[in-house]
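*Asks:* Provided below are the primary sequence and the corresponding predicted coordinates.
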Amino acid sequence: MAALLLTFANLQAVKTAAQRAWPDVKSSHITEALAAAYGYRTHAAALADLNRSAHPPLVRANPSAFSERLSDLGYPDRGSTPLVQALDEGIPDAIWSVCTSGDINAANRWYDQCRRRNIPRVLIQTRQKYCLLEWDSITMDDSVLHPKIRSPDTRDMFRRFQEKMQLGAGEGNPEFYGNGFVGSIDGLLLSPARELADDFFEMLYGPLRSANL
């Protein structure tokens, strides 16, 4: 499941998708099921973690936990479609962006948003078939100023890239350039580019959140 920053706006977006899919499910029950999906025992525990820092937690949904919690609350066999649907439709506080290659205005808007939110800049630029995945930490002021924050190990990032290639995502002969602070992979298909965007954001963002708890 794709990564998600656990912000109030993102939670509301996913909850709205669930309410649209299942209008008969109580709002409070959807809220509790979402907390379970993101690894919390209760909605109150999720909010407490969200409020611990200016940098919200990064989570990945557990679809089974979501559907099991709904079943416990009296709604069996509901599945977890809204968790995916909300991400596909776009969430308010995204962790990476996609734009057409050469769309400088879109790339600049995303850069400005990342600076404003103090998050890593992860961007996918699409071409006719293959994509360019870019990342850097320059948009995070704390990454330079905070002595506890370290850039990800380039070997870990390259290893994650190789794992994707071994799973059949190597069409286009993508090439890895850069390090844990700034870099790019050119020649990716869109699906593995999205997966790596999640992974690399997590690697860049995790030390920032940990240092500010």
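*Replies:* Yep, that arrived. Source: prediction; values computed, not measured.
*Asks:* From now on I want contacts and neighbour counts done on CA atoms only, so please keep to that.
*Replies:* Fine.
*Asks:* quick one: contacts for Leu73?
*Replies:* Applying Cα atoms under 8 Å, 6 or more residues apart in numbering, one finds that Leu73 lies in contact with His29.
*Asks:* Could you measure from it over to Ser27?
*Replies:* Noted for Leu73: a distance of 12 Å to Ser27, by Cα to Cα, to the nearest Å.
*Asks:* Same check on Ala9?
*Replies:* Counting by Cα to Cα, the separation of Ala9 from Ser27 is 16 Å.
*Asks:* now swap in Phe176 and tell me
*Replies:* Phe176 sits 45 Å away from Ser27, going by Cα to Cα.
*Asks:* What of Ala197?
*Replies:* Taking Cα to Cα, one finds Ala197 at 32 Å from Ser27.
*Asks:* what's next to the longest helix belonging to the chain, contact-wise?
*Replies:* Assignment by DSSP state H gives helix 190-211 as the longest helix of the chain. The set of residues that contact helix 190-211 without belonging to it, under Cα under 8 Å, 6+ apart, is 2-3, 53, 55-58, 95-96, 119-120, 122-124, 126, 130-133, 135, 137, 142-143, 146, 148-152, 157, 160-161, 164, 169, 180-181.
*Asks:* Give the buried residues for it.
*Replies:* Taking 16 or more other Cα atoms under 10 Å as the basis for neighbour counts, the residues of helix 190-211 that come out buried are 190, 192-194, 196-209, 211.
*Asks:* any idea of the mean pLDDT in that helix?
*Replies:* Model confidence over helix 190-211, given as mean pLDDT, is 88.
*Asks:* Kindly export the helix or strand harbouring Ala48 (C-alpha atoms) in CSV.
*Replies:* Secondary structure from DSSP states H and E places Ala48 in helix 43-50. Extracted in CSV, the C-alpha atoms of helix 43-50 (Å, rounded to 0.1, in the frame of the first residue of the first chain):
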residue,chain,number,x,y,z
HIS,A,43,-8.4,7.1,16.7
ALA,A,44,-7.3,9.0,19.8
ALA,A,45,-3.9,7.2,19.7
ALA,A,46,-3.5,8.3,16.0
LEU,A,47,-4.3,11.9,16.8
ALA,A,48,-1.9,11.8,19.7
ASP,A,49,0.9,10.7,17.4
LEU,A,50,-0.1,13.2,14.8
